[in-house]
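**Student:** model the structure of this input:
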Amino acid sequence: MKKIVVLEPGYVHYREEEAILAAFHPQFVVIPANTARDALLEQLRDADAVMLREARLDSGMIAVLDKCQAVVRYGVGVDNVDLVAAKEKGIYVANVPDYGSEDVAEHALALLLAATRRITSRNQQVHQGQWNIGQAEPMFRMSGKVLGVVGFGRIARCLAVKARGIGFRSLLVCDPLLDTQAAEDAGVVSVSLETLCREADFISLHVPLSEKTRHLIGAQQLAMMKPTCVLVNTSRGGLIDETALFQALQKRQLFAAGLDVFEQEPIRADHPLLTLPEVICTDHTAWFTEESVIELQRKAAQEVLRVFEGNKPLNWVNR
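**Tutor:** As a prediction, this is how the structure comes out:
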């Protein structure tokens, strides 16, 4: 029997994982978010694997993992796991980078369209009985404009394919890993972040959060953007300096923002960004569709299975 501890559960059931790991007679122990730390540490001591979504797995928690063979993140970002501590403990850490790309790209595009066309504020106004409000504030055509994408991994590439149907004049990409030939093959133009901020009419962020990318978009970058620019983030909240974004929107330095992720989640009810009608917010849900949940649970369980069978994870992140 293998004990798998699931931190801060986020799924209705774990039948997909149980089926994939059936040969090891898995015992799933689901730990709620409000569990006292002492009780949590006690459950972790004899865990053979840990699976988690947004919960933190810090060095103190990793220190008690005496049997653990693998930590698997349900998702892409692993900034909530102390990778160094896990490596020193000899524990594999893996993620699932190749699920839900289409879903997140669709959500990013939906935020882009909704923010540009003021869909949520118009909907609210019409529900309140207002009419003839179409020209109450400016709106701008997307066709013929420039889309800027920061990061060009799987999700960004999916977005690029979908966005071409809108008729953007060009697609600028800022990604240090994108060489000239790869950019040409993808039909995009590789540029610096400064150039992208200055020239793009719409910007979508698709990079992981690290010390290098934290506040990648701050006051300096926001000041470069066009006052008609729409900024979308479906990656990690820490990529944007939210105080700087609020101030830039107040000063009309950019037109709107569509945010699925925030520096602190859940976002505070009194957060200044929630007071601005030009900001559309969703609850870190870009990844979600019925299909993506099944895909994610299966792929996460398959990483645990590989380790239990004596193999290395396919998506090993703390080499």
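**Student:** can you pull out the helices in the chain?
**Tutor:** Per DSSP state H, the chain carries helices over the ranges 15-20, 37-44, 59-63, 83-89, 101-116, 119-127, 154-163, 180-186, 193-199, 219-224, 242-250, 290-308.
**Student:** save those as TSV, and put in mean neighbour count too.
**Tutor:** C-beta: built from backbone N, CA, C; applies to glycine. Formatted as TSV, the helices of the chain follow (neighbours: other CB atoms under 10 Å):
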stretch	mean neighbour count
helix 15-20	17
helix 37-44	14
helix 59-63	16
helix 83-89	16
helix 101-116	22
helix 119-127	14
helix 154-163	20
helix 180-186	12
helix 193-199	18
helix 219-224	17
helix 242-250	18
helix 290-308	19
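**Student:** tell me which of the ones you listed sits nearest to E8.
**Tutor:** Ranking these by proximity to E8 (CB to CB) places helix 37-44 first, at 10.2 Å.
**Student:** what's the spacing between stretch 174-182 and its chain's center?
**Tutor:** In this view, stretch 174-182 has its centroid 21 Å away from the chain centroid, taken as CA atoms, centre = their mean, to the nearest Å.
**Student:** so what's P9 scoring on pLDDT?
**Tutor:** In this prediction, P9 carries a pLDDT score of 83.
**Student:** for it, list the residues it contacts.
**Tutor:** 30-32 (CB atoms under 8 Å, 6 or more residues apart in numbering).
**Student:** hmm, back to that, any chance of the helices of the chain in JSON lines with mean pLDDT as columns?
**Tutor:** Shown next, in JSON lines, are the helices of the chain (pLDDT from 0 to 100):
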{"stretch": "helix 15-20", "mean pLDDT": "97"}
{"stretch": "helix 37-44", "mean pLDDT": "97"}
{"stretch": "helix 59-63", "mean pLDDT": "98"}
{"stretch": "helix 83-89", "mean pLDDT": "97"}
{"stretch": "helix 101-116", "mean pLDDT": "97"}
{"stretch": "helix 119-127", "mean pLDDT": "94"}
{"stretch": "helix 154-163", "mean pLDDT": "96"}
{"stretch": "helix 180-186", "mean pLDDT": "94"}
{"stretch": "helix 193-199", "mean pLDDT": "98"}
{"stretch": "helix 219-224", "mean pLDDT": "98"}
{"stretch": "helix 242-250", "mean pLDDT": "98"}
{"stretch": "helix 290-308", "mean pLDDT": "97"}
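**Student:** in CSV: those, plus distance to E263.
**Tutor:** Output for these, formatted as CSV (distance: least, CB to CB, whole Å):
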stretch, distance to E263
helix 15-20, 31
helix 37-44, 23
helix 59-63, 22
helix 83-89, 21
helix 101-116, 17
helix 119-127, 22
helix 154-163, 20
helix 180-186, 31
helix 193-199, 19
helix 219-224, 15
helix 242-250, 5
helix 290-308, 24
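**Student:** closest one to L276 among these?
**Tutor:** helix 242-250 (5.5 Å).
**Student:** ok, the closest residue in space to A219 that isn't next to it in sequence to E265 distance?
**Tutor:** With CB to CB, 6 or more residues apart in numbering as the criterion, A219 has its nearest non-adjacent residue at 4.1 Å, and that residue is A244. Distance of A244 to E265, computed by CB to CB, to the nearest Å: 19 Å.
**Student:** equivalent analysis for K3, please.
**Tutor:** Distance from K3 to E265, counting by CB to CB: 28 Å.
**Student:** sounds good, over and out.
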